[in-house]
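Trainee: please work out how this folds:
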Amino acid sequence: MSDPLSTSISLAALLISGATAWLTLFRRGTVRLTQPTFISFSYDLTPKPERPAIPKIFLRSLMYSTGRRGHIIENMFVSLRRGEDQQTFNIWGYGETVNLVRGSGLYVGETGVVCNHHFNPPEDAKDFTFQNGEYLIDVFAAVLGWHDPIHLCSVTLTVPDAAGNELKQPECAYWFDWGPDSKRYHGHLERRKIIRAPGYEVVLS
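Mentor: Purely as a prediction, here's the structure:
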């Protein structure tokens, strides 16, 4: 007859092994996004001055997987709401410098990946301009093998009335810096210097 204590210990070890295998090998988990350290509303200038500037939402954050196996991000997009108006920014690019790559197939592991994310609207919405008011930003990711996009975060931002008219200009950008002590974003307007020459257009910060 087996010893009850030995049997209990064996069963406990088996359960622990099963739980460990589930957490490390089989559990897929999900994808999370940390609080973006900064967000900006700005414009990408086109090579020809007569062409309209393209609105852009720019943010930086850590994206990580809660599962050991990690996930592959097929695409990301941002939904921007101001009052009753809503605009989707579904052209995604990422990188660390001005040399961005078009977003597709980004692997996100347990330790996470930090990069700058840039979002532009589709071609038929490039006459969109930023204005004063309160904005709600929702960030979504399409994960390989998942049917529906997952919601990563929501952020509420306010562009003051004093900056509204200037922010309609392509050389202007509004930056929101996260204050970890105050737990809120602090915004400021930046005006960039534009140098134009025949055939090209350059923006200097």
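Trainee: work out for me the element the residue nearest to residue 88 when sequence neighbours are not counted sits within.
Mentor: Once flanking residues are discounted, residue 88 sits nearest to residue 79: 5.5 Å by Cβ to Cβ, 6 or more residues apart in numbering. Bear in mind the C-beta positions are built from the backbone N, C-alpha and C, glycine included. Using DSSP states H and E, residue 79 sits in strand 71-82.
Trainee: buried ones in that strand?
Mentor: 71, 73, 74, 75, 76, 77, 78, 79, 80, 82 (16 or more other Cβ atoms under 10 Å).
Trainee: so which of those residues is the closest to residue 109?
Mentor: residue 71 (8.3 Å; Cβ to Cβ).
Trainee: quick one: the helices in this structure?
Mentor: 4-21, 161-164 (DSSP state H).
Trainee: and those, which one is worst for confidence?
Mentor: Among the helices of the chain, helix 4-21 has the lowest mean pLDDT, at a mean of 58.
Trainee: least confident secondary structure element in this structure?
Mentor: Of all helical and strand segments in the chain, the minimum by mean pLDDT, DSSP states H and E falls on strand 200-204, at a mean of 52.
Trainee: I'd like the distance between the closest residue to residue 176 other than its chain neighbours and residue 83.
Mentor: Excluding the flanking residues, the one nearest residue 176 by Cβ to Cβ, 6+ apart is residue 185, at 4.0 Å. Distance of residue 185 to residue 83, computed by Cβ to Cβ, to the nearest Å: 19 Å.
Trainee: check residue 132 too.
Mentor: According to Cβ to Cβ, residue 132 stands 11 Å off from residue 83.
Trainee: higher neighbour count, those two?
Mentor: The neighbour comparison of residue 132 against residue 83 (other Cβ atoms under 10 Å) goes to residue 132, with 18 against 10.
Trainee: tell me if I'm right that that one and residue 166 touch.
Mentor: No: at 9.6 Å, residue 132 does not count as touching residue 166 under the criterion of Cβ atoms under 8 Å.
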